[in-house]
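S.K.: Quick one: sequence and predicted model below, then my questions.
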Protein chains: 2
Amino acid sequence: MPLVKIYVTLKKDILDVQGATILRALNSLGYDNVDDVKIGKYILVDIDSRDDCREEVKKICDQLLTNPIIEDYTFEVSE
Amino acid sequence: MPLVKIYVTLKKDILDVQGATILRALNSLGYDNVDDVKIGKYILVDIDSRDDCREEVKKICDQLLTNPIIEDYTFEVSE
């Protein structure tokens, strides 16, 4: 059964408030060499499909899992 | 400059409420062949380091980025 790993990130021009906060925290903890932090979502989906499920995964991402106005995504399908 | 990709997931026995909700939504939208959904975090960190930064990344994950009681993580370092 294919396991789909989906990586969702904010689009480049969208302010990542959570990432900025963690960056400040890391810098203040002494990790001065950390230059940037971005927070996204990592979604694991089990799909019961013998055929290629890429089209279905795209639909699921566009329809429910991501907000296409502010987010980008990539995914990979592993058996 | 190394880019570190960190994948944070809930430990196996921790209830993933968000994932269960999305699974129900997908099934009710007609995606009956989706059997499981797990939601985790995908964190991208830019570290200014010429040496191996794996030890530092582990410290950062344990100290700030994850909750070791309920979460597992893996990471990969790419240049």
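M.R.: Yep, it's here. Numbers count the residues shown, from 1 in each chain, chains lettered A, B, ... in the order given.
S.K.: From here on, just use CA atoms for contacts and neighbour counts.
M.R.: OK.
S.K.: in stretch A:51-59, what counts as buried?
M.R.: residue A:57 (16 or more other CA atoms under 10 Å in any protein chain shown).
S.K.: go on, stretch A:24-40?
M.R.: A:24, A:26, A:34, A:36-40.
S.K.: Next step: the residues you listed restricted to helices.
M.R.: A:24, A:26 (DSSP state H).
S.K.: need the buried residues of stretch A:24-40 in a markdown table with distance to chain B and pLDDT, can you?
M.R.: Formatted as a markdown table, the buried residues of stretch A:24-40 follow (distance: CA to the nearest CA, whole Å; pLDDT from 0 to 100):
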| residue | distance to chain B | pLDDT |
| --- | --- | --- |
| A:24 | 12 | 97 |
| A:26 | 8 | 97 |
| A:34 | 4 | 96 |
| A:36 | 5 | 97 |
| A:37 | 5 | 97 |
| A:38 | 5 | 97 |
| A:39 | 5 | 98 |
| A:40 | 5 | 98 |
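S.K.: Please enumerate the helices of chain A.
M.R.: A:17-28, A:54-60.
S.K.: Quick one: closest of the ones you listed to residue A:68.
M.R.: Comparison of the helices of chain A against residue A:68 by CA to CA identifies helix A:54-60 as nearest, at 11.5 Å.
S.K.: any residues touching that closest one, and which ones?
M.R.: Here helix A:54-60 makes contact (CA atoms under 8 Å, 6 or more residues apart in numbering or on different chains) with A:77, B:26.
S.K.: Now find how far off-centre that helix is within its chain.
M.R.: 15 Å (CA atoms, centre = their mean, to the nearest Å).
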